[in-house]
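In: Can you look at this prediction? I've put the sequence above it.
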Amino acid sequence: MYNTTPKPLLKENDPLYIIQSRKTTHNRPATIAGPMVRYSKLPFRQTCRDYSVDIVYTPMILAREFVRNKNARLSDFSTNSKDTPLIVQVGVNNVSDILKFADMVAPYCDGIGINCGCPIKEQVREGIGCALIYNPDLICSLVKAVKEKYHDKLRLETKIRIHDDLNQTIELCKKIIDSGADWITIHGRTRTTRSSTPVNLEAIKTITAAIKDYKPNYPVVANGDCFQYKDLFEISKITNTDAVMSVRGVLANPSLFENHLKCPWGCIEIFINWSFEYNNGIPFQLFQHHLFCMMENMMIPKHLIKQLMETRTYSQLIDWIDETFILKRIDDPGFGQSIEPTYRQIKSI
Amino acid sequence: MGIPEVTEAISAQDVNEDSFTKLNGRKNQSVTKPVTVDSETGEILVRRATGKARVRRGQTEEEYNEQLRQYFTEENGPTRTEPNFMDNVNDFDEKLDTMDLSIKQNRLRLQAYPQRAYYRRNYSICKDLCSKLILKVKDIPKIQRELEELEYMQNQCMLRLSKE
């Protein structure tokens, strides 16, 4: 009755092909900007794409709300023709909801990722996020249901956290593979590991080795603590994974996969441009927080960052930036090219 | 059909510990293993933090079909915002006349038009868009901050245009 046919998968937009081929075609692992609750909206996704990110995720979208509520759909997912390759990440705890969700998003994305890693207790209580890694039967039934319906027309990924006992994770991965998932992303922390604790790359390495033993060439993505360009190669080398996902790293510096050690000013210009271009009711606080993360990464003086956080609206924020820095617009020569900010006046720096 | 008992998932240590232990010094790390009550509608049973079982209502086929109709025919899928989509001022006028402006999300979507014009230094356009929007929303209660931004942009635009 309605056209729920998935978008055609070509070499340019097939995330599985990209993950499997980047080491050969680009001499580097595939680069992925992972899902961040609230933050991976369209303007930020576009900014990441402008800086050599191969695949970008949406924030986790709760299937239950998406298939039942128009307002949830309006605020959770907007896209456009440039928003590809795109993985829509879903928080889900039953087969019925994921099948309905897949029907609704498949024509507009290049794959679906099942969130099996979110540690937020409200989600875990619902059996969503990393609760799923303790419920292998449910993960497998979710994966099987989608793959049996869509086969290779729709890519399906699972993003998991590790268990305290890695053998559990290995067994889980084998089941996920047998269920038909196209690739697995492993976040090298347990459910209770704090993000301040370094990611356990040895664990990812052990699990990846077991996966590749079980099914040679099966694609695995490593996630955790990718903050700089060199981390991309180190993480991939240590863990023997095909791709690396950065989440907090790209939030602070969307250009990290282009070997910028800190966020360049041009990236701020580009992000602001996309934010106004694609703004479709995105809350101001979210826009402001992105700029906070990027400016902090650039080491903008703290008193200026405080001023940024004191602005209350889009227009106030733009006026503050224009009074403080040279902010080029898209039609200005040199837009998006600057590395360092140019201050309009020294405000007791 | 009787409601099945909600079972605990295996804990992080994969042993049958009490679900409300202070594992690793942190309270209450139990995870819920939802139980499907009706696989057709997606009705499931989960357990709340208090330990009480809670049913998450399913969605009937009719309810889902209505959502599909809304999504594919009224909404035309997810919102699509292509580059320069806000250049079309007629589109703004049409939305201004047809959208339910008592819904905050709709007001914010319209407010994005003058905000973009302001950012792009198109002050004349911004001023006009603000005026139109203020007229439509000024009587809606509890939108002080939104009105303040519209008036701020309007005033700044007039100031800047007067200097040109």
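Out: Received it, and whenever you're ready, just let me know what you need.
In: Am I right that A:Thr5 is in a helix?
Out: No - A:Thr5 sits outside any helix when classified using DSSP: H, G, I helix; E, B strand; the rest coil, being coil.
In: from what I can see it touches A:Ala106, true?
Out: Yes - with contact defined as CB atoms under 8 Å, A:Thr5 counts as touching A:Ala106 (7.3 Å). All C-beta atoms are positioned from the backbone trio N, CA, C, and that covers glycine.
In: Spit out the residues that contact these two alike.
Out: Shared contacts of A:Thr5 and A:Ala106, defined by CB atoms under 8 Å, 6 or more residues apart in numbering or on different chains, comprise A:Lys153.
In: Show me which of these two is the more surrounded one.
Out: More neighbours surround A:Ala106 than the other of A:Thr5 and A:Ala106, with 22 against 12 (other CB atoms under 10 Å in any protein chain shown).
In: right, and the more buried one touches A:Pro8 too?
Out: No - counting by CB under 8 Å, A:Ala106 stays clear of A:Pro8, with 11.2 Å between them.
In: Tell me, how many residues neighbour B:Asn90?
Out: 7.
In: Let me know the pLDDT of it.
Out: Looking at B:Asn90, its pLDDT is 86.
In: hang on, it in a strand?
Out: No - assigned with three-state DSSP, B:Asn90 falls outside any strand and is helix.
In: Around B:Glu75, count how many other residues there are.
Out: 14.
In: measure it to chain A for me?
Out: Per CB to the nearest CB, to the nearest Å, B:Glu75 is found 7 Å from chain A.
In: Please determine how far that residue is located from A:Phe227.
Out: Distance of B:Glu75 to A:Phe227, given as CB to CB, to the nearest Å: 38 Å.
In: same deal with A:Asn94?
Out: 36 Å.
In: A:Asn259 too?
Out: Distance, A:Asn259 to A:Phe227, using CB to CB: 13 Å.
In: between these two, what contacts are shared?
Out: Counting by CB under 8 Å, 6+ apart, A:Asn259 and A:Phe227 have no common neighbour.
In: These two: which is more packed in?
Out: Neighbours were counted for A:Asn259 and for A:Phe227 using other CB under 10 Å; A:Phe227 has more, 16 against 12.
In: In contact with the residue of chain B found nearest chain A, which residues?
Out: Closest contact between chain B and chain A, by CB to the nearest CB, is at B:Gly42 (3.2 Å). Contacts here follow CB under 8 Å, 6+ apart; on that basis B:Gly42 touches A:64, A:94-97, A:100, B:36, B:58-59.
In: for A:Ala131, same thing?
Out: A:93, A:123-125, B:9, B:31-33.
In: pLDDT score assigned to the residue of chain B closest to chain A?
Out: 89.
In: Is the nearest residue to it once chain neighbours are set aside in a helix, a strand, or coil?
Out: Excluding its sequence neighbours, the residue lying closest to B:Gly42 (CB to CB, 6 or more residues apart in numbering or on different chains) is A:Ser96, at 3.2 Å. When classified by three-state DSSP, A:Ser96 comes out as helix.
In: Now for the residue in the stretch 51-200 of chain A positioned nearest to chain B, how many residues are close by?
Out: Using CB to the nearest CB, the point where the stretch 51-200 of chain A gets nearest to chain B is A:Ser96, with a distance of 3.2 Å. Residues lying near A:Ser96 (other CB under 10 Å) number 23.
In: Number of residues surrounding B:Arg56?
Out: Counted with other CB under 10 Å, the neighbours of B:Arg56 add up to 17.
In: Give the buried residues for the top helix by length along chain B.
Out: Using DSSP state H to assign secondary structure, the helix with the most residues in chain B is helix B:144-163. For helix B:144-163, the neighbour count (16 or more other CB atoms under 10 Å in any protein chain shown) marks B:146, B:149-150, B:152-154, B:156-157 as buried.
In: Turn the residues you listed into CSV, columns for pLDDT and distance to A:Asn273.
Out: Putting those into CSV (pLDDT from 0 to 100; distance: CB to CB, whole Å) gives the following:
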residue, pLDDT, distance to A:Asn273
B:Glu146, 94, 23
B:Glu149, 96, 20
B:Leu150, 97, 22
B:Tyr152, 97, 21
B:Met153, 98, 18
B:Gln154, 97, 23
B:Gln156, 97, 20
B:Cys157, 98, 20
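In: Quick check: which of those residues are also close to chain A?
Out: Restricting the buried residues of helix B:144-163 to those touching chain A (CB under 8 Å from any CB of the partner chain) yields B:149, B:152-153, B:156.
In: From the residues you listed, pick the one nearest A:Tyr150.
Out: B:Glu149 (44.2 Å; CB to CB).
In: Would you check that that closest one makes contact with A:Tyr314?
Out: Yes - using CB under 8 Å, B:Glu149 makes contact with A:Tyr314 at a distance of 7.3 Å.
In: anything in contact with each of those two?
Out: If you check B:Glu149 and A:Tyr314 against CB under 8 Å, 6+ apart, the residues they both contact are B:Gln115.
In: who's in contact with the most centrally placed residue in chain B?
Out: Residue closest to the average C-alpha location in chain B (CA atoms, centre = their mean): B:Gln105, at 7.3 Å. By CB under 8 Å, 6+ apart, B:Gln105 lies in contact with A:71, A:74-75, A:281.
In: Strands of chain B, start to end?
Out: Under the criterion DSSP state E, strands of chain B are mapped to B:7-8, B:32-33, B:35-38, B:43-47, B:53-56, B:79-80.
In: what's the least confident stretch among those strands?
Out: strand B:7-8 (a mean of 54).
In: okay, now the domains of the chain?
Out: Since you didn't name a chain, this refers to chain A. A:15-252, A:265-324 (the TED database).
In: Hmm, no, I was thinking of chain B.
Out: B:1-80, B:85-163 (automatic domain parsing).
In: For the ones you listed, which has the smallest mean pLDDT value?
Out: domain B:1-80 (a mean of 73).
In: okay, which residue is most central for chain A?
Out: A:Gly34 (1.8 Å).
In: Wait, that residue touches A:Val244, no?
Out: No - counting by CB under 8 Å, A:Gly34 does not reach A:Val244; the two are 9.8 Å apart.
In: Spit out the residues that contact those two alike.
Out: Shared contacts of A:Gly34 and A:Val244, counting by CB under 8 Å, 6+ apart, come down to A:Asn223.
In: What are the contacting residues of the helix or strand bottoming out on mean pLDDT in chain A?
Out: Of all helical and strand segments in chain A, the minimum by mean pLDDT, DSSP states H and E falls on helix A:121-125, at a mean of 87. With contacts defined as CB under 8 Å, 6+ apart, helix A:121-125 is touched by A:91, A:118, A:129-131, A:191, B:31-32, B:46-49.
In: residue ranges of the helices in chain B, please?
Out: In chain B, the helices defined using DSSP H lie at B:61-69, B:89-98, B:104-119, B:123-137, B:144-163.
In: what's the answer for the stretch 51-200 of chain A, then?
Out: A:63-66, A:70-76, A:95-105, A:121-125, A:136-150, A:166-179 (DSSP state H, counting those that start in this stretch).
In: in the fifth one, what's buried?
Out: Buried residues in helix A:136-150, defined by neighbour count with 16+ other CB under 10 Å: A:136, A:138-147, A:150.
In: which helices and strands sit right next to that helix?
Out: helix A:95-105, strand A:111-116, strand A:155-161, helix A:166-179 (3 or more CB pairs under 8 Å, 6 or more residues apart in numbering or on different chains; DSSP states H and E).
In: From the chain's centre, how far out is the third one? Work that out for me.
Out: Just to be clear, that refers to strand A:155-161. Remark: strand A:155-161 is offset 12 Å from the chain centroid, using CA atoms, centre = their mean, to the nearest Å.
In: Let me see the mean pLDDT of it.
Out: 98.
In: Kindly report the same for the first one.
Out: Per-residue confidence for helix A:95-105 averages out to 97 on the pLDDT scale.
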